[in-house]
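Colleague: have a look at this prediction, sequence included:
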Amino acid sequence: MPKPDPMDRTSDFLKKNLETMPQKKRLEYLNQKLRGVIQYAYKNSTAFKNKMDSAGLKPKDIQTIGDLEKIPVTKKADLIELQKRYPPFGGLEGVP
């Protein structure tokens, strides 16, 4: 197998299997990815966990893209308060 050209900026630009996937399968794929992101954020981000808990939500409550509307909007004032409460990143760093 030839080595990829490091100067080729087009290689791997599009994920052909995702770009050509039937809509229903793509939605299933995106929902699966979303569940992983929500689970990770809940486990590793203090601010996100607190926001979910204050809304009475657990990661299992967010199963599809449509469920995102259940999560309260984060306002600028919220970000300022988080920064004061959890410096330096406001509890948004999302690392274990």
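Modeller: Received the coordinates, thanks.

Colleague: tell me, how many residues neighbour residue 42?
Modeller: Applying other CB atoms under 10 Å, we find 19 residues neighbouring residue 42. (Each C-beta comes from the backbone N, C-alpha and C, glycine too.)

Colleague: separation between it and residue 72?
Modeller: According to CB to CB, to the nearest Å, residue 42 stands 14 Å off from residue 72.

Colleague: how about residue 62?
Modeller: Taken as CB to CB, the span from residue 62 to residue 72 is 12 Å.

Colleague: who has more neighbours, the two?
Modeller: Between residue 62 and residue 72, residue 62 has the larger neighbour count (other CB under 10 Å), namely 23 against 12.

Colleague: show me the common contact partners of residue 62 and residue 72, please.
Modeller: Residues touching both residue 62 and residue 72 (CB atoms under 8 Å, 6 or more residues apart in numbering): there are none.

Colleague: just list the residues touching residue 68, thanks.
Modeller: By CB under 8 Å, 6+ apart, the neighbours of residue 68 are 34, 62.

Colleague: okay, buried residues for stretch 85-96 please.
Modeller: The neighbour-count check on stretch 85-96 (16 or more other CB atoms under 10 Å) flags 90-91, 94 as buried.

Colleague: return the helix or strand in this protein with minimum mean pLDDT.
Modeller: helix 16-19 (a mean of 83; mean pLDDT, DSSP states H and E).

Colleague: beyond that helix, next helix or strand please.
Modeller: Moving toward the C-terminus from helix 16-19, the first helix or strand encountered (DSSP states H and E) is helix 23-44.
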